[in-house]
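Asks: Next one to model:
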Amino acid sequence: MLVRHATTQASEEGTNLGQRTDAPLLTAGRELARRTGLALKAELESLPFGALQALTSPAARCRQTASLILDTLGRPDARPAADPGLWEIDYGAWEGLSAEQCRRRDPELRARWEADPYAVATPGGESGADVAARAFAALRPTEEWLESTPDAVALVVTHNHVVRLRLSAALGLPMADYRRRVEAHPGAYSLITLTGERTAVRRVNVLPRAEAGQVPGGPIPA
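Replies: Below you'll find the predicted structure:
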């Protein structure tokens, strides 16, 4: 279960929130995280599972989202481990700016970054490749555990770029297109099955319905 943290002021305003500001969830974000937990609880009813692990970015917005989801799942005991490899991209000088402000500040760099954010780094920050290198390394122990443990489930709560990069890799998409081909809305979840033999993406960017317990899209297909 791969989840982007729920709503913050920056996500409401459309400004960059990376590593340099540790903003909390809004009240609406906390409610969204609970709804995400309800949707995941309904998903898990069709997926009998035993062991559960939880992993999160150290960011307050991710830790809050993970805790609210685990409370809703009835598993507050599954305290999430925080791994710095799961931090959001370092936006560098673009921290706190909107996309249009970035274009005005650095028009040529922004154009190159939008064309290939995997290869091109933000000013004084990271490229998508930098994020993928650290995030995939952070995810690997949990993914190996899932591959080797029958009926195991993991909850990973992280950030926009991390989610889109991991899904793009799982779907076999060109990594240069990870921002164009995959979305990750605040509070949305994606489901990936790892068996050791194959990686199957079961859901992508699902936003929970307001009605408690309803699963968007119906049961997980076999």
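
Asks: Give the buried residues for stretch 1-15.
Replies: Residues of stretch 1-15 classed as buried by neighbour count (16 or more other Cβ atoms under 10 Å): 1-8, 10-11, 15. Where C-beta positions appear, they are placed from N, C-alpha and C, glycine not excepted.

Asks: now the lengthiest strand in the chain: mean pLDDT?
Replies: Looking across the chain with DSSP state E, the single longest strand is strand 199-206. The average pLDDT within strand 199-206 is 95.

Asks: roughly how far apart are Pro80 and Val3?
Replies: 11 Å (Cβ to Cβ, to the nearest Å).

Asks: Give the next helix or strand downstream of the helix ranked longest in the chain.
Replies: In the chain, with assignment by DSSP state H, the single longest helix is helix 128-148. Next along the chain after helix 128-148, taking DSSP states H and E as the criterion, comes strand 153-158.

Asks: what's the angle between that next one and helix 128-148?
Replies: On the basis of axes from the mean of the first three to the mean of the last three Cα atoms, to 10 degrees, strand 153-158 is oriented at 170 degrees to helix 128-148.

Asks: Just the residues contacting whichever helix or strand comes after strand 153-158, thanks.
Replies: Tracing the chain past strand 153-158, the next element assigned as helix or strand by DSSP H and E is helix 160-171. Residues outside helix 160-171 that contact it (Cβ atoms under 8 Å, 6 or more residues apart in numbering): 2-4, 57, 86, 88-89, 118, 128, 131-132, 135-136, 139, 174-175, 177-179, 181-184, 190, 192, 199, 201, 204.
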